[in-house]
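Trainee: from the sequence below, what's the structure:
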Amino acid sequence: MIKRRFTGLTDPGLLRSVNQDNYYLDPEGRFFIVADGMGGHAGGQEASQIATKSIEAYLDKNWDSDLPSDVLLQEAVRQANQGILEDQYNHPERGDMGTTAVVVAFRQDQPWYAHVGDSRLYRWREAKLEQVSEDHTWVARALKVGDITPEQAKVHPWRHVLFQCLGRKDLQQIDIYPLDVRAGDCFLMCSDGLTEEVPDELIGEILQGSDTCEEAVTKLVEAAKAAGGSDNITVVTIVQQ
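Mentor: Numbers count the residues shown, from 1 in each chain. Presented below is the predicted three-dimensional model:
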């Protein structure tokens with residue numbers, strides 16, 4: 001029996017002709033994936049699609065195995081990375097493609113999430129929005145150690161520079177952590193097409209004022225487009241019951 005409500009929505013935005021984002025919602029509510037591709041029109045779209053399909057297939061096949069959930073997620077993400085590398089080898093014109101990935105898995109008694117890049121996972125709990133994942137960007141790292149201020153981070157020219165993404169031979173950091181979940185929590189997974197345009201305060205207000213998951217994702221995408229819609233926008237919401 002599914003213990004959560006969920007939905008997703010993706011939109012190319014107002015300036016891009018191709019949507020390089022992909023997402024997946026497991027029909028049984030077991031796991032969820034968001035990926036934001038990069039590297040040219042065909043490349044980014046292909047990378048995020050390979051990652052999403054590879055992670056979905058691995059998790060579905062091995063869901064009932066004896067593998068611990070953190071190991072399961074790590075292997076799913078590593079296989080996705082390998083799939084992109086193989087595609088790069090077979091299609092040199094896509095040699096610079098890559099993708100972010102954020103995955104949430106509600107398996108057994110302890111949910112987990114995996115994350116590479118700057119797509120984000122948030123938790124909305126008791127009228128408070130918290131960013132759960134940590135961006136793998138130069139700016140996020142500089143902000144964490146105090147080299148720049150939050151105000152500088154918002155407009156820094158390097159704020160999109162990733163130090164980790166899928167599609168790299170030197171992939172080293174896959175963040176995999178247990179997820180604290182309570183009844184009534186709403187989880188938001190999104191590409192940076194949302195967070196670049198819509199501040200956290202407004203994201204929280206929209207979640208607070210939405211009666212359904214469908215209403216929330218629609219309003220969030222609309223808010224990103226109203227603010228400029230300069231990138232592809234993907235939003236997934238999951239409410240724990």
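Trainee: hey, let's count contacts and neighbours off CA atoms from now on
Mentor: Will do.
Trainee: wait, F163 touches W138, no?
Mentor: Yes - F163 is within contact range of W138, at 6.5 Å (criterion: C-alpha atoms under 8 Å).
Trainee: average pLDDT for stretch 111-124?
Mentor: For stretch 111-124, the mean pLDDT works out to 97.
Trainee: just stretch 234-241 next, same as before
Mentor: Taken as a whole, stretch 234-241 has a mean pLDDT of 97.
Trainee: poorly predicted segments of this structure, please.
Mentor: Counting by pLDDT under 70, the chain has low-confidence residues at 1, 40-41.
Trainee: what about V155, neighbour count?
Mentor: 11 (other C-alpha atoms under 10 Å).
Trainee: try the one 4 residues further on
Mentor: As a burial measure, R159 scores 17 neighbours (other C-alpha under 10 Å).
Trainee: tell me which helix or strand the nearest residue to C186 once chain neighbours are set aside sits in.
Mentor: In space, C186 comes closest to V239 once its chain neighbours are excluded; the distance is 4.3 Å by C-alpha to C-alpha, 6 or more residues apart in numbering. Assigned by DSSP states H and E, V239 belongs to strand 233-240.
Trainee: mind exporting the C-alpha coordinates of that strand to CSV?
Mentor: Output of strand 233-240 as CSV, limited to C-alpha atoms (Å, rounded to 0.1, in the frame of the first residue of the first chain):
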residue,chain,number,x,y,z
ILE,A,233,12.3,23.5,-14.9
THR,A,234,11.6,20.1,-13.3
VAL,A,235,9.7,19.7,-10.0
VAL,A,236,8.7,16.6,-8.1
THR,A,237,6.7,16.7,-4.8
ILE,A,238,6.3,13.8,-2.4
VAL,A,239,4.0,13.9,0.7
GLN,A,240,4.4,11.3,3.3
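Trainee: what sits up against that strand?
Mentor: If you take C-alpha atoms under 8 Å, 6 or more residues apart in numbering as the criterion, strand 233-240 is touched by 3-13, 21-23, 34, 181-194, 213, 216-217, 220-221, 224.
Trainee: measure L73 to D118 for me?
Mentor: 18 Å (C-alpha to C-alpha, to the nearest Å).
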